[in-house]
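Asker: here is a sequence together with a model predicted from it:
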Amino acid sequence: MTAPDARIASVALIVDDDPGSVGMVTSALEDSGTTVLVARDGLRALELLGRIDPDVILLDAVMPGLDGFETCRRMKSAPVMTEAPIIFMTGLSGSDDLRRGLAAGGVDYVTKPVRVDELIARVTTHILNARQVRDLRAAFDTQDRSVLAAAPDGTLAWASPKALERLERVRALGADGRLAGAALLRWIAGLREMAVSSAPIFELGDAAMRYTGRTGEGHLLVRIDAADARAPIDRLTERFALTTREAEVLVWLAQGKANRDIAEILTLSARTVNKHLEQVFQKLGVDNRTAAALMADRILSARA
């Protein structure tokens with residue numbers, strides 16, 4: 001059975017002055033079930049954000065006039081203060097450019113020319129993470145998820161009751177309310193200069209901590225899952241009547257992996273991964289990756 005809101009269309013805002021790039025990205029996103037809005041420059045994008053609330057923003061780093069870095073800073077500052085995750089699309093590949101984007105408030109990047117499967121995987125992941133945070137804030141005390149927001153020095157801005165429970169169980173919460181443990185604090189501090197897609201998972205006891213994005217205030221968002229690698233597969237096979245291989249593909253899909261990466265991880269052909277995804281979509285009653293990832297995340301997060 002499809003969850004009530006699994007088919008709600010996601011909205012992406014593309015900010016790019018290159019018609020060819022805009023056309024290709026728009027086509028790919030619309031094919032995946034995402035509604036697309038386009039702004040040709042940073043100022044128009046800022047005006048649009050006064051009227052719309054997108055799920056994700058794809059921002060070209062190099063544009064005439066207001067460049068992507070300054071546009072991002074303004075998007076994340078008053079009076080705009082968008083909560084939407086910002087993914088940079090850039091032909092720049094230097095580490096300094098990546099750090100500039102993250103410092104401006106971006107959470108991830110894709111390099112031009114954009115690879116469609118990588119783009120869709122990143123967008124799906126960030127839409128999923130952003131919705132999770134919105135759901136959590138809407139029902140903070142009752143949401144059965146393990147999510148926290150922290151400053152780079154380990155100071156907690158907020159944490160769900162389930163996250164606090166798990167932190168206490170693995171002795172990662174200090175008496176002063178800060179995260180505790182030298183290795184954990186090094187990991188948190190290092191996230192300031194990491195894209196979400198490249199951040200390592202931090203395991204402590206039975207907890208697996210994943211960096212999922214940033215709040216509008218700049219705090220680092222972390223989800224805490226069970227470290228048992230087998231548990232997610234068993235949950236999905238039980239809930240959706242999937243085969244073990246279909247569940248493995250869905251687990252990696254929900255973690256933002258592109259089909260090409262899933263094929264490599266599971267030592268399958270790309271064609272076989274596509275066939276498994278067709279069966280997954282049919283059994284879940286959905287027609288795109290984002291909806292499938294949302295449904296999988298509900299099951300995995302509720303019992304983590």
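Answerer: Yep, it's here.
Asker: tell me the domain boundaries of the protein?
Answerer: 10-137, 141-226, 231-302 (automatic domain parsing).
Asker: now tabulate these in JSON lines and tack on mean neighbour count and mean pLDDT.
Answerer: C-beta: built from backbone N, CA, C; applies to glycine. Shown next, in JSON lines, are the domains of the chain (neighbours: other Cβ atoms under 10 Å; pLDDT from 0 to 100):
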{"stretch": "domain 10-137", "mean neighbour count": "19", "mean pLDDT": "88"}
{"stretch": "domain 141-226", "mean neighbour count": "17", "mean pLDDT": "87"}
{"stretch": "domain 231-302", "mean neighbour count": "19", "mean pLDDT": "90"}
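Asker: kindly check the end-to-end length of stretch 279-295 for me.
Answerer: Stretch 279-295 stretches 15 Å from its first residue to its last (Cα to Cα, to the nearest Å).
Asker: which stretch of helix or strand covers the nearest residue to Gln255 once chain neighbours are set aside?
Answerer: The shortest distance from Gln255 to any non-neighbouring residue, by Cβ to Cβ, 6 or more residues apart in numbering, is to Thr125 (7.2 Å). Here Thr125 sits within helix 116-138, counting by DSSP states H and E.
Asker: helices and strands around the following helix or strand past that helix, which ones?
Answerer: Sequence order places strand 147-150 as the next helix or strand after helix 116-138, per DSSP H and E. When contacts are defined as 3 or more Cβ pairs under 8 Å, 6 or more residues apart in numbering; DSSP states H and E, strand 147-150 sits against helix 116-138, strand 156-159, helix 161-169, strand 220-226.
Asker: need the residues that contact strand 147-150.
Answerer: With contact meaning Cβ atoms under 8 Å, 6 or more residues apart in numbering, strand 147-150 is reached by 132-133, 136, 156-160, 163-164, 167, 179, 188, 212, 215, 219-224.
Asker: make it 7 Å
Answerer: 132-133, 136, 156-160, 163, 179, 188, 215, 219-223 (Cβ atoms under 7 Å, 6 or more residues apart in numbering).
Asker: try stretch 99-115
Answerer: Here stretch 99-115 makes contact (Cβ under 7 Å, 6+ apart) with 21, 24-25, 61, 69, 72-73, 75-76, 85-91, 93, 98, 118-119, 122, 126, 193, 195-197, 213-214.
Asker: now do 8 Å
Answerer: For stretch 99-115, the external contacting residues (Cβ under 8 Å, 6+ apart) are 21, 24-25, 59, 61, 68-70, 72-73, 75-76, 85-91, 93, 98, 118-119, 122, 126, 192-197, 213-214, 218, 258.
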